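[1] got a sequence here, can you build the structure:
(one chain, ligands or ions: 1)
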Amino acid sequence: MKPIPYGRQHITQQDIDAVVEALQADFLTQGPRIKEFEDKFAAYVGAQYAVAVANGTAALHLCTLALDVTPGQKVITTPITFAASANCVRYCGGDVVFEDIDGTTVLLDVERVRQTLAAAPRGTYQGIIPVDFAGYPVDLEAFRRLADEYGLWIIEDACHAPGGYFTDSKGVKQMCGNGAYADLAIFSFHPVKHIACGEGGMITTNNKDLYEKLLLLRTHGITKRPDLLHENHGDWYYEMQELGYNYRITDMQSALGMSQLSRADEGLKKRHQIAQRYDAAFNNTGVKFITPGAGTSHAYHLYVIQVENRKELYDALKKHNIFAQVHYIPVHTMPYYQDLGYKKGSMPKAEKYYEKCLSLPMYPTLTDAEQQYVIDTVLQYAK
Ligand SMILES: *Cc1c(COP(=O)(O)O)cnc(C)c1O
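    Next comes the predicted model:
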């Protein structure tokens, strides 16, 4: 059996042709494909606006900038995520407040967040960054209610969940990143994610002011739009109105992203089939897996199991050429955050989850034979 990774991109001839076409066109960077990709992605998740950027981390940074996070502001997030979900607060000098997860969903526990907000004077906290971990859509309606009560903003880290949705209290399917409840949402187009651009990211929103601010901040804070200029010396004239960055994506990457996006539904369907097969195989075996709640459509970026002998299983799988992965080492236990005073033992559920979790191979091109081999090997060694 050839090596089986936990995730991998799926590049087709159609993707290659799309990139070659972009290479032969007039613009390698700021060309027409960026806006086209943004429009198509916004339509895919059901948001009004989308801003394509260099990567998911840049997307998060632009969000905290656009929301005016300043030194000392407090923002709540989950420890079970990729470090960037928390780091974006630090980039602006804000303080990260980790809250523990719900042990069943492995998502930021809304009840704990409620208790934390209620225990402090109003105005203590500025925002919440929930993460659709593994592709499990967060109930953003519940977070919105809290956020409105306490005057907070929400950035949904939807990197794992393009195509996922939850059903709100009115029975409406709310796609991850559609901007109905979160102020801003972000996605990544790193090759292990659903849609690969090499590097790439996207911010979606229904807020026009934030959208326009993001456009400025993405490219140095510079604008040429006549309606926004303070002065106008001629057609060459531009103004740098804010301290922005170069967080642009390229036309080549957007070409790849659009081609990938056209197959997103197909890929998601395959991920669901793989998950169903794992679920059936692990049912009643002692290998614990996560079952999404009613009305929730999981996007299965990851397929996570929880076992008592995680390290042993990880090593055994590796010997059998199966490269499982651990998502995630709780962010508050990272040396950088330890140095800031965050304590091991402070997030018991997240830390207990970390002891047991393992992400099994999950990607659209995983074959039935490969998956069966993974299942058999897991069942042979798991306790
Ligand atoms: C991948 C990822 C990011 C960062 O995206 P990059 O494109 O790698 O910068 C942020 N948050 C989560 C949850 C991710 O999985």
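[2] quick check: residues of the stretch 101-250 of the chain near the ligand?
    Val131, Asp157, Cys159, His160, Ser188, His190, Gly201 (Cβ under 6 Å from any ligand atom). Just so you know, the C-beta spots here come from the backbone N, C-alpha and C atoms, and that holds for glycine as well.
[3] beta partners for the second one?
    Following DSSP bridges, Asp157 is listed with bridge partners Val131, Ile186.
[4] in the stretch 251-383 of the chain, what residue is nearest the ligand?
    Per Cβ to the nearest ligand atom, His301 is where the stretch 251-383 of the chain lies closest to the ligand, at 7.3 Å.
[5] pLDDT wise, what is that residue at?
    Confidence at His301, expressed as pLDDT, is 98.
[6] try Tyr44
    For Tyr44, pLDDT reads 98.
[7] please apply the same query to Tyr237.
    Looking at Tyr237, the pLDDT reads 97.
[8] quick one: it and the ligand, what's the gap?
    34 Å (Cβ to the nearest ligand atom, to the nearest Å).
[9] how is this structure divided into domains?
    4-261, 264-381 (automatic domain parsing).
[10] what's the first-to-last distance across the last one?
    Taking Cα to Cα, to the nearest Å, the span from the opening residue of domain 264-381 to its closing residue is 34 Å.
[11] from the stretch 1-150 of the chain, which residue is nearest to the ligand?
    At 2.4 Å from the ligand, Gly56 is the closest residue in the stretch 1-150 of the chain, using Cβ to the nearest ligand atom.
[12] and that residue, what does it touch?
    With contact set as Cβ atoms under 8 Å, 6 or more residues apart in numbering, Gly56 has these partners: Ala84, Cys159, Ile186, Phe187, Ser188, Phe189, His190, Lys193, Gly201.
[13] go again with 7 Å.
    Neighbouring residues of Gly56 by Cβ atoms under 7 Å, 6 or more residues apart in numbering: Ala84, Cys159, Ile186, Phe187, Ser188, His190, Gly201.
[14] strands along the stretch 151-300 of the chain, start to end?
    153-157, 165-167, 173-175, 184-188, 201-205, 222-223, 239-240, 288-289 (DSSP state E, counting those that start in this stretch).
[15] which neighbouring elements make contact with the last one?
    Using 3 or more Cβ pairs under 7 Å, 6 or more residues apart in numbering; DSSP states H and E, the elements in contact with strand 288-289 are helix 264-282, strand 303-306.
[16] dump those to CSV, plus mean neighbour count and distance to Gly103.
    Listed next are these as CSV, based on neighbours: other Cβ atoms under 10 Å; distance: least, Cβ to Cβ, whole Å:
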stretch, mean neighbour count, distance to Gly103
helix 264-282, 17, 18
strand 303-306, 24, 10
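[17] which one, of those, ends up nearest to Asn207?
    helix 264-282 (24.4 Å; Cβ to Cβ).
[18] hmm, Gln253 and Cys197 touching each other?
    Yes: Cys197 is in contact with Gln253 according to Cβ atoms under 7 Å; the separation is 4.1 Å.
[19] more neighbours: these two, which one.
    Cys197 (30 against 26; other Cβ atoms under 10 Å).
[20] count of neighbours near the closest residue to the more buried one other than its chain neighbours?
    Of all residues not flanking Cys197 in the chain, Phe189 sits nearest, at 3.7 Å (Cβ to Cβ, 6 or more residues apart in numbering). Phe189 has 32 neighbours, counted by other Cβ under 10 Å.
[21] what sits against Phe189?
    Ile195, Ala196, Cys197, Gly200, Gly201, Gly257 are the contacts of Phe189 under Cβ under 7 Å, 6+ apart.
[22] residues near the first one, how many?
    Just to be clear, that refers to Ile195. A total of 27 residues lie near Ile195 under the criterion other Cβ under 10 Å.
[23] check the fifth one too.
    Neighbours of Gly201 under the rule other Cβ under 10 Å: 27.
[24] quick one: it from Gly234, how far?
    Relative to Gly234, Gly201 is positioned 34 Å away (Cβ to Cβ, to the nearest Å).
[25] residue nearest the centroid of the protein?
    The chain has Cys159 as the residue nearest its centroid, 1.7 Å off, counting by Cα atoms, centre = their mean.
[26] which residues touch the nearest residue to that residue once chain neighbours are set aside?
    Counting by Cβ to Cβ, 6+ apart, Cys159 lies nearest to Ser188, which is 4.3 Å off, once chain neighbours are set aside. Neighbouring residues of Ser188 by Cβ under 7 Å, 6+ apart: Asn55, Gly56, Cys159, Gly201.
[27] Ser188 and Ala25, how far apart?
    25 Å.
[28] now name the helix or strand holding Val51.
    strand 49-53 (DSSP states H and E).
[29] is there proximity between stretch 83-96 and the ligand?
    Yes: counting by Cβ under 6 Å from any ligand atom, contacts between stretch 83-96 and the ligand involve Ala84, Ser85.
[30] circling back to that earlier point, so which of the strands of the stretch 151-300 of the chain comes closest to Tyr336?
    Tyr336 sits nearest to strand 153-157 of all these, at 18.6 Å, using Cβ to Cβ.
[31] and the angle for that closest one with strand 184-188?
    20 degrees (axes from the mean of the first three to the mean of the last three Cα atoms, to 10 degrees).
[32] now what about strand 153-157, what contacts it?
    Everything outside strand 153-157 that qualifies as a contact, by Cβ under 7 Å, 6+ apart, is 63, 67, 81, 85, 126-132, 138, 140, 143-144, 147, 176-177, 181-186.
[33] now with 8 Å?
    60, 63-64, 67, 77, 81, 85, 88, 126-132, 138, 140, 143-144, 147, 176-177, 181-186.
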